[in-house]
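Colleague: mind folding the following:
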Amino acid sequence: MANNYPVRRNGYLYSRGTKAGFLRMQRQGIPRPLFSIQDKLANLLRSRYKALTRKLLKDLRAQCKVNNIVMDAAPEDDNLDSLLKLFDDMKKEFEKQQGENEKAIGRINLNNVANTLEHQWLEEDQEEEPEFFVKKIGDVFKEEQDDYIKRLLSDADGRTAQILSSFAIDKNKFFEENLENVRTLYLNNSIARIKGEEEVIKRRILQKIIDYATGQSAVLDLTDLVKEGYESSDHLARLFARDQMQRFNKACTLATFKSAAVTKVKWVTCGDVRVRKSHKALNGQIFDINNLPDEVDDYNCRCGLVPVEWDDD
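Modeller: Numbering: from 1, shown residues only. Next up, the predicted model:
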C-alpha cells in the first residue's frame, strides 16, 4: 500500500524521496540522524517548557493576590487546569466591573502586577542555569558526538575513510580538542537559545497584562496564550532538538575534516521535495572548507558535506 506523504516517523516528517535522500547521502559518507538521541534532547526541553509555564502562572497568581485581584477562593493547586481556571475566573471578574473608578483601580493593581513580574522574570531570573540541567544537555551532546563519529567512520565512502584513517598522533590530539571545543560551543549556544525562547514566552504574557492594564485591550485573556504555549511545547521541543542536532553534527563533521587536513568539500542535499531552492542550487558545488556559503547555518538544514581535496602533509 502506497504511503500518503508527508509521513511522521520517529518524530521526523518524511516527504516523498526523504528516505532515498538519506540513503543517497549515507552512501557518500554522511550519516543519517540518530532520532533516539534527538528525542532525548526534545524530552528535556518539553519538560522544561511545561514546568516554566506552570511557574509563570504561579508567579502571576501570587502577585495578583498581593495586589488584591484574585478572589479569596483562589485554588492553591499547581496543576495547569486549576491555574487556568483561576485566571479565567479573574477575567470574568474584571468583565463584571461596572464603575469607571472600580475599573481604574483594577487596572492600576494589574499594572503593579506587571511591573513586579517584569522585574522578577526579566531581571532577577538572569542567574546561571541549574547545574543539573546544563549537565543533562551536555550529556546528550556528548552521546550524540560519540555516536555520530562512529557513524561517520562506518558510513564513510572509500575516499572519506582514507583521510579519516590517516590521523597521526598529533592530529588525533588536535581532533579530540577540536570536538571538545565544538561540544562546549553548542552547549553554550543551546542554553542561550533556550533562555531566549523562554524570555519570549514571558514577554508575551506580560504584554497581555500590560495591554489590558493600560486600556489598549478591552479583554484580559491569558487562557488561549498559555494553552498555546503549553500545548505547542512538544512541537517547539522537537524543532529545537532537530535543528540543534543537525547543526551540531555538521560542526562535528567540519571539525573532523579540518583535523584530517581537508581543504575542499562538496555540498550534498537530501534530494527530496523539501530541499530549499537556494540549497538545491548548491548541490554538487565545491567550496573551500573555511569559506562555506551562509546557507550552512540555515535553520533545520539537512544538507551534508563530503571531502574532495585534502593536504597529505
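Colleague: what residue lies at the spatial centre of this structure?
Modeller: residue 240 (2.4 Å; CA atoms, centre = their mean).
Colleague: I'd like the distance between residue 139 and residue 133.
Modeller: 11 Å (CB to CB, to the nearest Å). Using the backbone N, CA and C atoms, a C-beta is placed for each residue, glycine as well.
Colleague: let me redo that: residue 50
Modeller: 14 Å.
Colleague: which one of those two is surrounded by more residues?
Modeller: residue 50 (17 against 14; other CB atoms under 10 Å).
Colleague: quick check: the more buried one touching residue 233?
Modeller: Yes. At 5.4 Å, residue 50 counts as touching residue 233 under the criterion of CB atoms under 8 Å.
Colleague: returning to what we had before: phi, psi for the residue nearest to the centre of the chain please.
Modeller: Backbone torsions for residue 240, taken as degrees, to the nearest 10, come to phi -60, psi -50.
Colleague: then the one 10 residues further on?
Modeller: Backbone torsions for residue 250, taken as degrees, to the nearest 10, come to phi -70, psi -40.
Colleague: burial measure for it, as a count.
Modeller: Residue 250, neighbours per other CB under 10 Å, totals 20.
Colleague: surely it touches residue 296?
Modeller: Yes. If you go by CB under 8 Å, residue 250 and residue 296 touch, sitting 6.9 Å apart.
Colleague: spit out the residues that contact the two alike.
Modeller: residue 305 (CB atoms under 8 Å, 6 or more residues apart in numbering).
Colleague: SS state for residue 290?
Modeller: Following DSSP: H, G, I helix; E, B strand; the rest coil, the label given to residue 290 is coil.
Colleague: and for it, the neighbour number?
Modeller: Residue 290 has 9 neighbouring residues, counting by other CB under 10 Å.
Colleague: any idea how far it lies from residue 129?
Modeller: 32 Å.
Colleague: then residue 211?
Modeller: From residue 211 to residue 129 the distance is 31 Å (CB to CB).
Colleague: go on, residue 145?
Modeller: In this structure, residue 145 and residue 129 are 20 Å apart, going by CB to CB.
Colleague: okay, these two: which has more neighbours?
Modeller: Shown here are residue 145 and residue 129; by other CB under 10 Å, residue 145 has more neighbours (21 against 13).
Colleague: A helix includes the more buried one, no?
Modeller: Yes. With three-state DSSP as the criterion, residue 145 is part of a helix.
Colleague: can you list the low-confidence ranges for the stretch 1-150 of the chain?
Modeller: For the stretch 1-150 of the chain, the stretches with pLDDT under 70 are 1-24, 26-29, 70-78, 97-99, 125-127.
Colleague: 50 - rerun?
Modeller: The stretch 1-150 of the chain contains residues with pLDDT under 50 at 1, 72.
Colleague: repeat that for the stretch 201-313 of the chain.
Modeller: Checking the stretch 201-313 of the chain against pLDDT under 50 turns up nothing.
Colleague: let's see 70
Modeller: Ranges of the stretch 201-313 of the chain meeting pLDDT under 70: 225, 228-230, 232, 311-313.
Colleague: and the strands in it, which stretches?
Modeller: In the stretch 201-313 of the chain, the strands defined using DSSP state E, counting those that start in this stretch lie at 262-268, 286-288, 304-310.
Colleague: and those: which comes nearest residue 277?
Modeller: Relative to residue 277, the nearest member of these by CB to CB is strand 262-268, separated by 13.9 Å.
Colleague: now the closest one - C-alpha only, PDB.
Modeller: Only the C-alpha atoms of strand 262-268 are listed here, as PDB (Å, rounded to 0.1, in the frame of the first residue of the first chain):
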ATOM      1  CA  VAL A 262      40.600  18.500   4.300                       C
ATOM      2  CA  THR A 263      40.800  21.700   2.200                       C
ATOM      3  CA  LYS A 264      37.700  21.400   0.000                       C
ATOM      4  CA  VAL A 265      34.200  19.900   0.500                       C
ATOM      5  CA  LYS A 266      31.200  19.200  -1.800                       C
ATOM      6  CA  TRP A 267      27.700  20.300  -0.800                       C
ATOM      7  CA  VAL A 268      25.200  17.400  -0.900                       C
END
